[in-house]
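*Asks:* just to be clear, the model below is a prediction. Sequence and coordinates:
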Amino acid sequence: MSFLEVRDLCLDVGGFELSRIELKAEKGDYLTLIGPTGSGKSLFLETIIGFYRPEKGRIILEEKDITDLPPDKRQISIVYQDHMLFPHMDVFENIAYALRKKLRDKKQIEAEVKQIAGVLGIDELLHRKPATLSGGEKQRVALARSLIVRPKLLLLDEPFSALDARTREKLRDTLKKAISEYSTTVLHVTHDFEDVWALANRVVVIRKGEVMQAGDPESVFKRPSPDFVAEFLGTNVLKGKVKAFEGKLTVIEAEGLKIYSSDPAKPGEEVVVSIRPEEIILSRGTVESSARNTVKGKVLGIFKKEHLVVVEVKMGNAEIKAVITPTSCEMLGLEPGRETYAVFKASNARIIR
């Protein structure tokens, strides 16, 4: 039996619906849940922790049925986007709050708080009030408060979405360290695909309260199920290996292509490169531009998508999608079998793992 099993879970709360959700996680897994707004991801987390009782189905944690247990008996913690810190308490008291329900020894509580503060890099903040902290610092405190009780399961509901890109990147690294230190299994709701690649060993795609696809990130992103998942993910994902540096650029050999990226990586490192379709320019021939990547290919197919055109191009061993306007498609004379060049900047070839 898996560490966590969700069996045939059904719930309807004011238009938000979960429909026969099945999910399994092993101890130590880091699962990300992705899907459109309103698909029931947050409702699912709140059902797992016990804020809602399902109309049907069971939740099994470590072979124990917790479906009917109150939240405080489940040994599950949750962190939201908006921190939910107590404004009248300093950082130390915020972190220690839940621990005081388990421990009476003041020295042990102090030791535990200092330990988690050290892991999350907030040692210097313990006597400050939440109002004086940055968004990233508040989220570290919220994570510390949730992890200090050593939960069996940690639920994260878009904890990084209100932070700037640089802070998100730093916090991902910090979270990785803390999760490893506290040996916690994680379910993480996110809209940011970089959270998936940086943190998760499994990803679950949810739409309208149903699980559409689940698996490791590479298989889900590279071989998405038809229709919704492929459209929702919508990015070109290439697996490759770093070959060298040329100036400030990383040279990657990926699926028969030579790709330049402005993201740093070590020679010999296996990486995954993401290129958004809308960041690719198609041309009849090579062009003079600041874009470092120019790759020759052959058009496989052309599809209309609302007011745009999706062009599928075979390049090396990869099939790459580009999004252009109908006018551009007509001017380029694109049709299946026609040769074309894909042009994209090194900054748009993102190394996401």
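*Replies:* The structure has been received and is ready for your questions.

*Asks:* now stretch 209-218: how far from the chain's centre is it?
*Replies:* Centroid separation between stretch 209-218 and its chain, computed with Cα atoms, centre = their mean, to the nearest Å, is 12 Å.

*Asks:* got the end-to-end distance for it?
*Replies:* With Cα to Cα, to the nearest Å as the measure, the ends of stretch 209-218 fall 23 Å from one another.

*Asks:* contacts for that stretch, please.
*Replies:* Contact with stretch 209-218 is made by 16-23, 32, 35, 39-40, 43, 196-197, 200-206, 220, 224-225, 228-229, 237, 239, 272, 353, as judged by Cβ atoms under 8 Å, 6 or more residues apart in numbering. Using the backbone N, CA and C atoms, a C-beta is placed for each residue, glycine as well.

*Asks:* repeat for stretch 188-202
*Replies:* Residues outside stretch 188-202 that contact it (Cβ under 8 Å, 6+ apart) are 25, 29-34, 37, 41-42, 44-45, 155-161, 168-169, 172, 175-176, 186, 203, 214-217, 221, 233, 235, 272, 274, 352-353.

*Asks:* work out for me the element Y260 sits within.
*Replies:* For Y260, the element it lies in under DSSP states H and E is strand 257-261.

*Asks:* give me the domain ranges for the chain.
*Replies:* Split into domains by automatic domain parsing, the chain comes to 4-233, 236-351.

*Asks:* need those in a markdown table with mean pLDDT and mean neighbour count, can you?
*Replies:* A markdown table is the format used below for the domains of the chain (pLDDT from 0 to 100; neighbours: other Cβ atoms under 10 Å):
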| stretch | mean pLDDT | mean neighbour count |
| --- | --- | --- |
| domain 4-233 | 90 | 18 |
| domain 236-351 | 89 | 16 |
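
*Asks:* what distance separates the top helix by length along the chain from the middle of the whole chain?
*Replies:* In the chain, assigned by DSSP state H, the helix with the most residues is helix 165-182. Here the centre of helix 165-182 is set off from its chain's centre by 12 Å, with Cα atoms, centre = their mean.

*Asks:* show me what the one helix or strand S328 maps to is packed up against.
*Replies:* S328 belongs to helix 326-332 when assigned by DSSP H and E. The contact analysis (3 or more Cβ pairs under 8 Å, 6 or more residues apart in numbering; DSSP states H and E) places helix 326-332 against strand 281-283, strand 308-315.

*Asks:* make it 7 Å
*Replies:* In terms of contacts (3 or more Cβ pairs under 7 Å, 6 or more residues apart in numbering; DSSP states H and E), helix 326-332 is packed against strand 308-315.

*Asks:* need the residues that contact the strand it packs on.
*Replies:* Identification of contacts with strand 308-315 by Cβ atoms under 7 Å, 6 or more residues apart in numbering yields 257, 277, 282, 295, 297-303, 319-326, 329, 334, 340, 342.

*Asks:* mind exporting the C-alpha coordinates of that strand to CSV?
*Replies:* Output of strand 308-315 as CSV, limited to C-alpha atoms (Å, rounded to 0.1, in the frame of the first residue of the first chain):
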residue,chain,number,x,y,z
LEU,A,308,-3.5,32.7,-34.1
VAL,A,309,-1.8,29.8,-36.0
VAL,A,310,0.1,27.0,-34.5
VAL,A,311,2.8,25.6,-36.7
GLU,A,312,4.4,22.2,-36.0
VAL,A,313,7.9,21.9,-37.3
LYS,A,314,10.2,18.9,-37.3
MET,A,315,13.7,19.9,-36.3
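
*Asks:* partner strands of that strand, with direction?
*Replies:* Neighbouring strands of strand 308-315 in its sheet, by DSSP bridges, are strand 293-305 (antiparallel), strand 318-324 (antiparallel).
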